[in-house]
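My questions are about this predicted structure, shown below with the sequence.
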Amino acid sequence: MINVAIMGHGVVGSGVAEILINHSDRITEKVKTPLNVKYILDLRDFDGLSYSDKFIKDFNIILNDSEVKVVAEVMGGVNPAYDFVKSCLKAGKSVVTSNKELVAAKGAELIKIAEENNVNFLFEASVGGGIPILRPMVQCLAANEITEISGILNGTTNYILNKMIVDNMDFDSALKLAQDKGYAEKNPAADIEGHDACRKVCILAALGFGKHVYPEQVKTEGITDITLDDVEAADTFGCVIKLIGQAKKLADGRVTAHVRPTLVSRDHILSGVNGVFNAILVNGDQTGDVMFYGKGAGKEATASAVVADIMDCAKHLEARKYLSWEDGSDNYVANDIDEKGKLFVRLKSDNYDELVTRFHSVFGTEGFHYVKNQFTKEITFITEEDFESNINKKLAEFKDCQVKTIHTML
Ligand code: HSE
């Protein structure tokens with residue numbers, strides 16, 4: 001028998017406890033020995049559960065119990081999770097976590113501590129909830145050089161955008177619905193401002209490219225400025241707006257990393273990823289694009305990935321899993337480079353006739369798709385592919401107008 005402790009009994013933690021306890025037979029069969037949940041750490045009381053006797057409030061009980069070999073950290077946030085995880089690893093306990101904030105901020109350091117203490121630190125649930133992505137990327141795609149990782153990494157924002165696209169709901173109503181359904185938190189900032197997706201980009205980039213990317217290095221933009229008008233305008237160009245996280249390897253060894261609302265063609269596979277689902281495209285030099293799709297959030301899906309990591313640790317108490325990357329560095333992420341692409345642009349001016357004349361003199365009349373609307377006094381278009389600096393130079397000629405730009409994957 002192997003003793004396990006769970007730190008945190010929130011949505012994911014309770015799911016982990018339930019799977020371990022309710023499905024102990026199949027887990028025992030697969031691990032070849034029973035996993036016993038010895039402690040559940042939480043400051044709150046949970047009376048009336050079949051496992052209420054396992055709750056403790058003092059972390060030191062777990063730390064000082066040499067019988068506990070595997071600890072699941074599902075509390076969230078960097079503190080005190082960071083101190084707890086570090087102490088457990090140093091005490092020779094393997095740790096698994098679903099905490100993307102912790103891994104994105106401290107992953108390289110915690111992996112090193114795990115290595116030094118000959119234990120494992122696994123975090124499959126930190127990206128894509130129940131989607132197997134980190135292990136397949138590291139193990140099954142091991143023969144590839146990974147060049148690009150991109151995708152829909154946040155279920156809440158995907159749900160909100162989907163409601164705007166399909167049901168014509170405005171942003172505030174869609175957010176409220178997401179909160180009512182329990183997808184978005186009361187304070188939804190981490191999701192709608194892109195921080196959650198940013199942390200996942202950090203972890204994917206670190207694993208895919210071998211070096212830590214820190215959250216502050218990722219250019220992050222959420223969906224709070226996306227309006228129903230933007231969604232409708234994108235639709236007239238055969239596109240949907242998605243929150244896309246992306247990391248790319250550059251020829252000079254550096255990487256780019258960003259999270260931003262992006263126009264995606266309805267022909268692109270990511271355009272069909274709806275509701276709270278996530279999808280991640282990993283491009284390997286041998287495989288081309290491989291897509292990972294599934295429930296990116298939710299109690300059972302996320303808990304399933306945490307439990308799988310616990311089982312993996314239990315099966316490898318004496319062996320190390322090779323999941324690691326180097327520390328990051330200041331100039332590793334090259335977000336200042338002038339990227340080539342196409343921008344989706346909305347120009348609006350009360351002086352509509354003059355706007356039309358100026359638009360054609362700056363951008364020309366051919367080679368790109370534009371829509372003129374004299375009633376809304378707006379011109380909407382997708383630029384030709386060019387360096388962003390060149391496009392922005394042209395847009396600077398419209399300083400006196402309303403200008404809104406959204407990146408594209410076109
Ligand atoms: N709030 C996250 C999401 C949960 O909506 O995707 C998983 O990180």
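Noted; the coordinates are in hand.

which outside residues touch the helix or strand harbouring M291?
Under the criterion DSSP states H and E, the helix or strand holding M291 is strand 288-295. Strand 288-295 is contacted from outside by 128-133, 136, 141, 151, 155, 269, 273, 276-284, 301, using C-beta atoms under 8 Å, 6 or more residues apart in numbering. Any C-beta I mention is one placed from the backbone N, CA and C, and that applies to glycine too.

now, which of the residues you listed lie close to the ligand?
The subset of those within reach of the ligand, counting by C-beta under 6 Å from any ligand atom, consists of 129, 155.

filter the contacts of strand 288-295 to the buried ones?
128-131, 133, 141, 151, 155, 273, 276-284, 301 (16 or more other C-beta atoms under 10 Å).

Among the residues you listed, which lie within strands?
Secondary structure assignment by DSSP state E places 151, 277-284 of the buried ones among the contacts of strand 288-295 in strands.

Residue numbers of the chain in contact with the ligand?
The chain comes close to the ligand at residues 129, 154-156, 191, 196, 296-297, as judged by C-beta under 6 Å from any ligand atom.

and the closest residue to T376 other than its chain neighbours, how many neighbours?
Counting by C-beta to C-beta, 6 or more residues apart in numbering, K348 is the residue found nearest to T376 once chain neighbours are left out, at 7.2 Å. Using other C-beta atoms under 10 Å, K348 has 18 neighbouring residues.

can you check D336 too?
Taking other C-beta under 10 Å as the neighbour definition, D336 ends up with a count of 8.

now that we're looking at it, how far away is the ligand from it?
Summarising the geometry, the distance separating D336 from the ligand, computed by C-beta to the nearest ligand atom, to the nearest Å, is 29 Å.

for K348, same thing?
If you measure K348 against the ligand using C-beta to the nearest ligand atom, the figure is 32 Å.

Please apply the same query to G272.
G272 sits 18 Å away from the ligand, taking C-beta to the nearest ligand atom as the criterion.

Equivalent analysis for P132, please.
Relative to the ligand, and taking C-beta to the nearest ligand atom, P132 is found at 15 Å.

show me what contacts that residue?
By C-beta under 8 Å, 6+ apart, the contact set of P132 is 124, 292, 305.

Strands of the stretch 251-400 of the chain, residue ranges please.
Applying DSSP state E, counting those that start in this stretch to the stretch 251-400 of the chain gives strands spanning 255-265, 277-284, 288-295, 340-341, 343-348, 369-373, 378-382, 386-387.

hey, C-alpha coordinates of the fifth one in PDB?
Looking back up the chat, that one is strand 343-348. As requested, the backbone C-alpha atoms of strand 343-348 are provided in PDB (Å, rounded to 0.1, in the frame of the first residue of the first chain):
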ATOM      1  CA  LEU A 343      -4.400  42.300 -39.200                       C
ATOM      2  CA  PHE A 344      -8.100  42.600 -39.000                       C
ATOM      3  CA  VAL A 345      -8.900  46.300 -38.900                       C
ATOM      4  CA  ARG A 346     -12.100  48.400 -38.100                       C
ATOM      5  CA  LEU A 347     -11.800  52.100 -39.100                       C
ATOM      6  CA  LYS A 348     -14.600  54.400 -38.200                       C
END
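
Quick check: neighbours of it in the sheet, parallel or antiparallel?
On the basis of DSSP bridges, the sheet neighbours of strand 343-348 come out as strand 378-382 (antiparallel), strand 402-408 (antiparallel).

Leaving out chain neighbours, which residue sits closest to L110?
Nearest-residue entry for L110: F121, 5.3 Å, with adjacent residues in sequence omitted and distances by C-beta to C-beta, 6+ apart.

and T256, what are its bridge partners?
Here T256, judged by DSSP bridges, has bridge partners K248.

burial measure for it, as a count.
A count of nearby residues for T256, using other C-beta under 10 Å, gives 21.

And for the one 3 residues further on?
The number of residues packed near V259 is 29, by other C-beta under 10 Å.

where's it relative to the ligand, distance?
Relative to the ligand, and taking C-beta to the nearest ligand atom, V259 is found at 12 Å.

pretty sure that residue contacts I223?
No - when contacts are counted by C-beta atoms under 8 Å, V259 is not listed as touching I223 (10.0 Å).

okay, and the common contacts of these two?
Between them, V259 and I223 share the contacting residues 194, 243, judged by C-beta under 8 Å, 6+ apart.

still on that earlier bit, angle of the strand holding M291 against strand 277-284?
Here strand 288-295 runs at 160 degrees with respect to strand 277-284, directions being taken by axes from the mean of the first three to the mean of the last three C-alpha atoms, to 10 degrees.

Give the pairing partners of strand 288-295; include direction for each.
Using DSSP bridges, the strands paired with strand 288-295 in its sheet are strand 277-284 (antiparallel).

can you tell me the average pLDDT over the strand holding M291?
Within the predicted structure, the mean pLDDT of strand 288-295 is 96.

How far off centre is it?
On the basis of C-alpha atoms, centre = their mean, to the nearest Å, the separation between the geometric centre of strand 288-295 and that of its chain is 14 Å.

Check stretch 231-245 too.
Taking C-alpha atoms, centre = their mean, the mean C-alpha location of stretch 231-245 is offset from the chain mean by 20 Å.

do stretch 210-217 as well
Once both centres are worked out by C-alpha atoms, centre = their mean, stretch 210-217 turns out to sit 14 Å from its chain's centre.

Contacts for it next, please.
With C-beta under 8 Å, 6+ apart as the test, stretch 210-217 has contacts from 104-105, 107-108, 195, 198-199, 201-202, 205-206, 247, 255, 257, 325-329, 332-333, 335.

What residues sit buried inside it?
Along stretch 210-217, these residues count as buried under the neighbour rule (16+ other C-beta under 10 Å): 211-215, 217.

got it, and stretch 177-185?
Buried positions in stretch 177-185, judged by neighbour count with 16+ other C-beta under 10 Å: 177-179, 183-184.

Done for today, thanks.
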